[in-house]
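>>> Have a look; sequence and predicted model below, questions after that.
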Amino acid sequence: MIALFFTLCCRPSREGRLEFVSRTMLKATLRIGDLKTFDPAVRDCSIAIGESYIRPFQHKSLESLLLKNSDQWFFVIRERQRVADEFGTNPIATANASADQLRQRYQQCMHWPLDFVVIEAARRGPRLQVRAGHIGSLPIYFHVEERTRTVTLSWDFVDFLGTSRAIDAEIIAHHLSMRTFYSARQPCAGINLLTAGATLYVDMSETSFEYGSLDPFTSTTLADC
C-alpha cells in the first residue's frame, strides 16, 4: 500500500526528487489494426479511429491539434503558452496537410517550449509512435497488449491496476527505501511511464521504447522511418 501510494501520488523527477502529480494530458486506447482501416474523426471532445479513441483532458491551460492526410496523421496535446480566458472545454483544432506540411508542423511541435504529448500514426504497416515532451512534467503511463496489438495510454495509473498483477520487486524495494530513481519502470510489470523525450513505437509485430535524446533536432516522423 505504501508503494502504491507513492506511485499514484508522486513520481521522481529527472533529478531524483519526488514531485506531486497534479496535471494531466490524455487517455487513449489505440488498436494497431484500426490505424490501417479508419481515418481519425473528431467527435465532441475526443477523436475516434474505428473502435480506438483519444480523449484529451479538457482544461484551459491545454490545447489540442489533429493534423492528417491520406497516409498518416498526428495528434498533439500541449500546454498553452498563454492560458485561455474561458474555463472548461476547448475544441480540438483539425486540419488537412500535405506530407511536407505535416513534417514541418511535427518539427514545430518538437520545439514547443512547454510540455506536450504527440501521437502519430501511419497507414503503411500500420505503425504508431508516441512521443513525450522534453520537460516530462505531465505523466503518461502506457501498456501494450501483445495479443491484440492494442496500446493503452493514460495519465491515471489506476486505469492499469486491472491489467497487470505482476510486481516489479526491484522498483517496490526502491520506493519502500525512499531511493526512487527516474525510470520508465513502474511497480506493476508491463505498465511503464513515458519519460521526458521518450518515444514508444508499436506496429503489428514489434514494440520498442527509447529514452532517446532530449534534443528536438533529432526527432523524426514515421514518414522518415
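That came through, no problem.

>>> can you give me phi and psi for residue 197?
Taking degrees, to the nearest 10, you get phi 70, psi 0 for the backbone angles of residue 197.

>>> and what of residue 173?
For residue 173, the backbone dihedrals (degrees, to the nearest 10) come out as phi -60, psi -40.

>>> next one: residue 35
Here is the backbone geometry of residue 35 (degrees, to the nearest 10): phi -70, psi -30.

>>> Name the nearest residue to it, ignoring sequence neighbours.
Counting by CB to CB, 6 or more residues apart in numbering, residue 35 lies nearest to residue 126, which is 3.8 Å off, once chain neighbours are set aside. All C-beta atoms are positioned from the backbone trio N, CA, C, and that covers glycine.

>>> And the contacts of stretch 148-158?
7-8, 24-33, 57, 119, 128, 130, 138-145, 159-160, 163, 186, 191, 194, 200, 202, 204 (CB atoms under 8 Å, 6 or more residues apart in numbering).

>>> Which of those are buried, as a PyMOL select command?
Buried residues among the contacts of stretch 148-158 (16 or more other CB atoms under 10 Å), as a PyMOL selection:
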select buried, resi 7+24+25+26+27+28+29+30+31+32+33+57+119+128+130+138+139+140+141+142+143+144+159+160+186+191+194+200+202
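
>>> hang on, isn't the residue nearest to residue 35 packed against residue 205?
No: Residue 126 lies out of contact with residue 205 (CB atoms under 8 Å); the separation is 11.4 Å.

>>> before we move on, the earlier item: burial measure for the residue nearest to residue 35, as a count.
Neighbourhood size, residue 126 [other CB atoms under 10 Å]: 20.

>>> mind checking how far it is from residue 49?
To residue 49, residue 126 is 10 Å away according to CB to CB, to the nearest Å.

>>> overlap in contacts of these two?
Common neighbours of residue 126 and residue 49 (criterion: CB under 8 Å, 6+ apart): residue 35.

>>> Give the helix, strand or coil label for the closest residue to residue 93 other than its chain neighbours.
Using CB to CB, 6+ apart and skipping residues adjacent in sequence, the residue nearest residue 93 is residue 65, 4.7 Å away. Secondary structure, DSSP: H, G, I helix; E, B strand; the rest coil: residue 65 is strand.
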